[in-house]
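Engineer: here is a sequence with its predicted model. Questions after.
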Amino acid sequence: MTRVLVIGGGTAGTAVALALRKAGFEVTVHEAHPGSAEDLGAFLTLASNGMRALAQLDASAAVTALGFPLTSMRVMDDTGAELAQVPLGEAADPLLQYRCLRRGDLNAALQAEAARRGIAVRHGARLASVEDGPDGVTAHFTDGSTATGDLLIGADGLNSTVRRHITPETQPCYAGQRVFYGYTRAADRSEPDARITMVRGSTAAFGYAVSPDGETYWFARVSGEPLPADEPADGSPADWRDLLVPLLREDPTPAADIVAAAGDDVLVTNATEIPAGSPWRSGRTLLVGDAAHAASPATGQGASMALEDAVVLAKCLRDAPDTDTALTLYEDLRRPRVEHNITVSGNISRGTHSPSPTGRRGAAPTRSEEDGLIRLLEWESDIREGQPARNA
């Protein structure tokens, strides 16, 4: 049985572990953080494609118990006028509806599901280096321990240690926007259930949704120079609120009042991306998720792309005749899709591409493309079906 080491216990790493276990592989997750709910303050949205991938891993129940669904999107301009209201994703199917939830809750739920299935998740295991040999790959950790397997998957995020082993020259790049996000229960917002509102402001792109218990989740993307590396850690919620509210006040939309009502639940980060074309593989080591193809958050697809990675990788390793062929096939299948997302999302963040009037961000997939993704993610289908033969 192939032994797989997964470095990183976030969304990408734990989903990869669930997929590999379902495909029959022996897998262990090594997570640097001592607990399961790191980054609890941030929230994300899982799109229908991500929820479809979760369903193929039999993990829907673990995630639909969290957060709340989003079935429609309203788009407003900088005057507060409504431009459009559209269904969001596959709203008719409860398992495939968009879902808004906290990142730490998602990670904890997936790790709990992994433990329930007998997958070892080792916390406090911070990777120091990777040694690739003829008979296996060995992970060396900062506490002096080691682990050896037949394959090592780097799912350790934007600042990946595994990526430094594969391609030390590849560095995350600033994507042109600072991203603020937070929560409030004090905002006066009467919103229909399961709706997210996107505001195309003159100074910021803003979005908000209200949970069933009345908590408003919000984000703002503001163009400008990146915050210095130490500033997000040193600044206070009041600093970020006081910086953001005057910008939002320039438009007569709900955005400024929502942020002004926020207490200490205000965070900020720089939008970053991994340059398209960066290497993903070296010997027995492969990158997935943000470690391989982080994009700016403008399309909201980061977590969903990572979940797709998990299903496709496991199917490639299950169905291909050998590991090298499997990893080549995986890269062939995944690169065009994830790098298109990097490009579209980055262009939106840098202001070189605008969403359509309907609010759909980037080029909407064709029916053929959607059908192709459904077939690709379908667990019972052979991953090689419909793929062109490669030259010898």
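Structural biologist: That came through, no problem.

Engineer: what's the domain layout of the chain?
Structural biologist: Under automatic domain parsing, the residue ranges defining each domain of the chain are 3-172+274-377, 180-273.

Engineer: quick one: closest of the ones you listed to Arg384.
Structural biologist: Taking Cβ to Cβ as the criterion, Arg384 comes closest to domain 3-172+274-377 out of the domains of the chain, the separation being 5.7 Å. All C-beta atoms are positioned from the backbone trio N, CA, C, and that covers glycine.

Engineer: centre of the chain to the closest one, how far?
Structural biologist: Chain-centre distance of domain 3-172+274-377: 6 Å, with Cα atoms, centre = their mean, to the nearest Å.

Engineer: ok, now stretch 266-279?
Structural biologist: That offset, for stretch 266-279, works out to 11 Å (Cα atoms, centre = their mean).

Engineer: list the buried residues of it.
Structural biologist: Residues of stretch 266-279 classed as buried: Val266, Leu267, Val268, Thr269, Asn270, Ala271, Thr272, Glu273, Ile274, Ser278 (neighbour count, 16 or more other Cβ atoms under 10 Å).

Engineer: got the end-to-end distance for that stretch?
Structural biologist: One end of stretch 266-279 sits 35 Å from the other (Cα to Cα, to the nearest Å).

Engineer: now Gly35: closest residue in space that isn't a chain neighbour?
Structural biologist: Sequence neighbours aside, His123 is the residue nearest to Gly35 in space, at 6.5 Å (criterion: Cβ to Cβ, 6 or more residues apart in numbering).

Engineer: which residues touch the one you found?
Structural biologist: His123 is in contact with Gly9, Glu31, His33, Pro34, Gly35, Ser36, counting by Cβ atoms under 8 Å, 6 or more residues apart in numbering.

Engineer: how about these, which pair is most distant?
Structural biologist: Top of the distance list for the contacts of His123 (Cβ to Cβ): Gly9 and Pro34, 10.9 Å.

Engineer: got the phi and psi for Ile383?
Structural biologist: Backbone torsions for Ile383, taken as degrees, to the nearest 10, come to phi -60, psi -20.

Engineer: isn't it up against Asp319?
Structural biologist: Yes. Counting by Cβ atoms under 8 Å, Ile383 does reach Asp319; the two are 4.5 Å apart.

Engineer: under the pLDDT cut-off, which ranges of the stretch 51-200 of the chain? List them.
Structural biologist: 187-189 (pLDDT under 70).

Engineer: out of the buried residues of stretch 266-279, name the ones that lie in helices.
Structural biologist: Using DSSP state H to define helices, no part of these is located there.

Engineer: farthest-separated two in the residues you listed?
Structural biologist: Across these, no pair lies farther apart than Val266 and Ser278, at 32.2 Å, counting by Cβ to Cβ.
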